[in-house]
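Enquirer: Build the 3D model from these lines:
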Amino acid sequence: MSNFQEQFNELSISFNQRMNEIDYENGMMWMYGPNKCTRNAKKFFTRAANNGCEKSKFKLKYMLYKSGQDKSMDVNWLRKAADQGDAQAQSDIGVMYKDGKGGLPQSDALAVEWLSKAADQGDAKAQFNLGYMYAWGKGVPKSIALAVEWLIKAVEEDYAPAQCSLGRMYREGKGRPKNDVIAVKLFRKAADQGHANAQYNLGEMYENGRGGLPMNDVIAVKLYRQAADQGFANAQYNLGNIYSEGLCGLPQSDDLAVEWYHKAADQKHEKAQRALRNMKNDDDYDSQ
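Expert: Residues are numbered from 1 along each chain as shown. You can find the predicted model right below:
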C-alpha cells in the first residue's frame, strides 16, 4: 500500500471518528440539555452507531431500557453496563441503592460507591445525588462543604435539580453566604427547564419581592400554577391559600381552594390536610 493510500485511510478514519463524536455530543445535548428531545437524540445516536460508534450504540440500548419496551433489559442489564464503566448506568444503579428501588436493597454505602464512580466521570445526576449524600451524612461523613462542591459541579452541567438546591442554600444562607440575588438566578435557570421545585421557589421570590425582583403577584401565581400542574405539593398548597383568602389578585373561592388543598393533601402534605380539616370544621359550625 502506498504512503498516499495509508495517509488517506488514516484521514478517513480520523474524520469518521470526529463525525461520530460530534453526532454523539449532539445526541447527548438533545437527551439531557435544556431543550430535551428524545427523537432528535435518537437520530444523532443512530447515525453515529451506524458508523461504528460504540458509545452511541449503548445510548440507543439505554434509551430502549428506559422506555421499558424490552422486558429482557432489567436491572441486571443495567448493572452489566455499570460494571463496564458507563457513567449513566452507574448513576442509575447508585440512585436505586439510595432509594431501595429497582429490585435493589437500600444501601447508602453502595449508593455512594456507584454515585462516586459516575460523578468522577462528570455525570451531573450522580454529582447532585452525591452532594445530597454528603449533605445528610448518608454513607459518608456529613460535610456541607463537599455537598456544595458536588452541587456546583452539577450546576456547571446545567442540571436543574442542582441549580434549585444550590439556590435554596444561597437563599437560606446554609453552606453558602446568604444571597437572594444569586438564589434568584439559580432558580430561574432551573425554572426555565421546567423544574417544578424551582418554579415554586421563584414564585415565592416574586410574591415577596426578594432577590432584586419586583413584588409581582401575577408572575408568582403563574409560577405556582406551573409547579402545581406538575404535581408539586407546596405549590398546590400555596394556590389553595391564595384562593381561600382571595390573594394575589385572584377571586376568593372555597371550591378552588378545596380543589388545590386536596391535590396537596393526597400527597400527604400536612398543612394542606390541616387546612381541609379547618374548612370542614368551619362548614360544620356554620351549619349549626
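
Enquirer: ok, and for stretch 235-242, which residues are buried?
Expert: If you call a residue buried by 16 or more other Cβ atoms under 10 Å, then stretch 235-242 has these buried ones: Ala235, Gln236, Tyr237, Asn238, Leu239, Gly240, Asn241, Ile242. Placement of C-beta: from N, CA and C, glycine included.

Enquirer: How much space separates the fourth one from Asp255?
Expert: Using Cβ to Cβ, to the nearest Å, Asn238 is found at 17 Å from Asp255.

Enquirer: Can you get me a residue count around the spatially closest residue to Lys125 that is not a sequence neighbour?
Expert: Closest residue in space to Lys125, ignoring its immediate chain neighbours: Ser91 at 4.9 Å, by Cβ to Cβ, 6 or more residues apart in numbering. Residues within reach of Ser91, counting by other Cβ atoms under 10 Å, total 25.

Enquirer: Next: Glu156.
Expert: So Glu156, with other Cβ under 10 Å, has 12 neighbours.

Enquirer: pLDDT score for it?
Expert: On pLDDT, Glu156 comes in at 96.

Enquirer: rewinding a little: my read is that the residue nearest to Lys125 contacts Ala118, right?
Expert: Yes. Using Cβ atoms under 8 Å, Ser91 is in contact with Ala118, at 3.9 Å.

Enquirer: tell me, what's touching those two both at once?
Expert: Lys125, Ala126 (Cβ atoms under 8 Å, 6 or more residues apart in numbering).

Enquirer: Which element, helix or strand, includes Met279?
Expert: In this structure, Met279 sits in helix 270-286 according to DSSP states H and E.

Enquirer: mind listing what's buried in that helix?
Expert: Buried residues in helix 270-286, counted by 16+ other Cβ under 10 Å: Lys271, Ala272, Gln273, Ala275, Leu276, Met279.

Enquirer: contacting residues around the third one?
Expert: The reference is to Gln273. The neighbours of Gln273, taking Cβ under 8 Å, 6+ apart as the test, are Ala265.

Enquirer: now, which of the buried residues of stretch 235-242 lie within helices?
Expert: Those of the buried residues of stretch 235-242 mapping onto helices are Ala235, Gln236, Tyr237, Asn238, Leu239, Gly240, Asn241, Ile242, per DSSP state H.

Enquirer: Low-confidence regions, the stretch 1-150 of the chain specifically.
Expert: Applying pLDDT under 70 to the stretch 1-150 of the chain flags residues 1-13, 34.

Enquirer: so who does Ala198 touch?
Expert: So Ala198 contacts Ala160, Gln163, Cys164, Gly167, Leu186, Phe187, Arg188, Lys189, Ala190, Ala191 (Cβ under 8 Å, 6+ apart).

Enquirer: okay, the last one: pLDDT?
Expert: According to the predicted model, the pLDDT of Ala191 comes to 98.

Enquirer: And for Pro251, the neighbour number?
Expert: Pro251: 7 surrounding residues under other Cβ under 10 Å.

Enquirer: which residues touch it?
Expert: Applying Cβ under 8 Å, 6+ apart, we find Pro251 in contact with Tyr243.

Enquirer: Let me know the secondary structure of it.
Expert: coil (DSSP: H, G, I helix; E, B strand; the rest coil).

Enquirer: can you pull out the helices in the stretch 151-288 of the chain?
Expert: Taking DSSP state H, counting those that start in this stretch, the helices of the stretch 151-288 of the chain run over residues 160-172, 180-191, 196-208, 217-229, 233-245, 254-265, 270-286.

Enquirer: weakest of these by average pLDDT?
Expert: Looking at the helices of the stretch 151-288 of the chain, the bottom one is helix 270-286 with a mean of 81.
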